[in-house]
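**Q** Sequence first, predicted model second:
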Amino acid sequence: MLLRIAFLSLWQARRRTGALGTAIAFVSMLLVLMLGIAEGMNQSLIESSTTLMSGHINVAGFFKVTAGQAAPVVTKAKDLTAFVRKEVPEAVYIASRGRGFAKVIGDQGATLIGLSGVTIDEEKGLAEVLRIKEGALADLRKPNSILLFEDQAATLDARVGDAVTISAPTARGTNNTVDVTVVAIARNMGMMSGFSCFVNAGTLQKLYQLNDDTTGALQVYLPTADLEVVKRIQARLREALVKGGYEVMADDPRAFFFKFENVSREGWVGQKLDLTNWHDEVSFASWTVDLMSALSFFLAIVLLGVVGVGIMIVMWISIRGRTREIGTLRAIGMQRFAVLRMFLAEGFLLGLLATLAGVVAGVVIGLVLNSMHVPLPQGVQFVLLSDKLIIIPTVKWVLISLAFITSVVTSISILPAFLAARMKPVTAMAHAG
């Protein structure tokens, strides 16, 4: 009954309801789109991180020839791979990745870049994610081969078939170089594709003078990237490695390249393993996703504050115009709490219907923009972690937006509704109108 009365009251003042409803719907649409962009950033972060530099779980580590000299190397990789496969039976596949950082020199330029040494036949997911612009990903099977991203190729002025030189210090402190051929150029994958490229695994081992039973990390890929699931499996694997007699470093949720200084200061020598997950390896960039989500709610609160002032003013005007109606209802026995609920029901219904319309509009616009694959300028790519606009209005964020804005609009209605409920029947009925 209350919702029916509220609907009829809103319908009677259609012009006022339309103006307020449009403002609330706009805020709702904007919130859904911004949260969709944040979710798109999160998905891009997961996709790019698990393609370029991390598995869902990473079994990596450091090898120290002397106490002060550490290299991101895992020895006896074949035995370790068998152990991990046994302890993580749910793994979809395990890829062995070499790790390095080197200077890549072309005919027209040079750049410092991270190197990922890949055995392409182990990389079941790489072909699904990388978008090859020129050449063929399969050609990374060839010795002395390299895959660059568009911006890297532009910096080096390199094309498929061109030769470039990689120069890097080895674990023993000597400098080594190797000449490689560009076999493929991939389209950019946002910010992080500027940090690394792919080379043939054997080529990376030759550059760093390592044997074929050595790698940089075992990247374990699971059926899901859900962080809670990943952390549970990571903890289980850590416990199994310790029981299996492996030396394991203390948990440090940072990317491996942030750990060199600490490891170099420690007095041990030999091999220690380090377990991380995909979120640890991109912790230096994941704050941007949290910032976008926080910014979305902040902007929504500011806009709702402006709209809320309008709602209160309009509801006060409405109450003044319905003073005699309120007095009549009170005179025939309606209690103050019932009057309060009646006006709160109006605010709730206005918020619910307007927010629902805005949420639906936001979802539709997001899906349309997503299907258009809108390219982003270089500077925006750095912020949104992708080379195209990705908007993912998930059910979770849609429901949160709906509940949040409806609750705020209903709360704004409390003060006018309370003032209406306090009116005395005699005073209200005597009001001139």
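**A** Nice, I can see it. Remember, predicted model here, so these are calculated numbers, not experimental data.
**Q** those helices in the stretch 1-150 of the chain, which residues are they?
**A** Taking DSSP state H, counting those that start in this stretch, the helices of the stretch 1-150 of the chain run over residues 2-12, 14-52, 77-87, 126-129, 150-156.
**Q** Sorry, slip of the keys, the one I care about is the stretch 201-350 of the chain.
**A** Under the criterion DSSP H, counting those that start in this stretch, the stretch 201-350 of the chain carries helices at the ranges 201-208, 227-243, 260-265, 278-281, 283-321, 323-331, 336-372.
**Q** Which one, of the ones you listed, ends up nearest to Gly36?
**A** helix 336-372 (4.6 Å; C-beta to C-beta). Heads up, the C-betas are built off the backbone N, CA and C, glycines and all.
**Q** by contact count, what packs against the closest one?
**A** Packing partners of helix 336-372 (3 or more C-beta pairs under 8 Å, 6 or more residues apart in numbering; DSSP states H and E): helix 2-12, helix 14-52, helix 283-321, helix 323-331, helix 395-412, helix 414-421.
**Q** Please report phi then psi for Gln108.
**A** Backbone geometry at Gln108, expressed as degrees, to the nearest 10, gives phi -110, psi 0.
**Q** Lowest mean pLDDT across the helices of the stretch 201-350 of the chain, which one is that?
**A** Within the helices of the stretch 201-350 of the chain, confidence is poorest for helix 323-331, with a mean of 65 (mean pLDDT).
**Q** on that earlier part again, please produce TSV containing the helices of the stretch 201-350 of the chain, extended by mean neighbour count.
**A** Formatted as TSV, the helices of the stretch 201-350 of the chain follow (neighbours: other C-beta atoms under 10 Å):
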stretch	mean neighbour count
helix 201-208	22
helix 227-243	15
helix 260-265	14
helix 278-281	23
helix 283-321	16
helix 323-331	17
helix 336-372	19
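**Q** Nearest to Asp151, out of those?
**A** Closest approach to Asp151 among the helices of the stretch 201-350 of the chain is made by helix 283-321 (16.8 Å; C-beta to C-beta).
**Q** and the closest one, how far out from the chain's middle?
**A** Mean-position distance between helix 283-321 and its chain equals 23 Å (C-alpha atoms, centre = their mean, to the nearest Å).
**Q** just to revisit the earlier point, turn the helices of the stretch 201-350 of the chain into TSV, including distance to Ser116.
**A** Converted to TSV, those look like this (distance: least, C-beta to C-beta, whole Å):
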stretch	distance to Ser116
helix 201-208	8
helix 227-243	20
helix 260-265	17
helix 278-281	12
helix 283-321	17
helix 323-331	71
helix 336-372	29
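**Q** Could you dump the helices and strands packed on helix 336-372 into a markdown table with distance to Gly358 added?
**A** Listed next are the helices and strands packed on helix 336-372 as a markdown table, based on distance: least, C-beta to C-beta, whole Å:
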| stretch | distance to Gly358 |
| --- | --- |
| helix 2-12 | 16 |
| helix 14-52 | 3 |
| helix 283-321 | 11 |
| helix 323-331 | 30 |
| helix 395-412 | 8 |
| helix 414-421 | 22 |
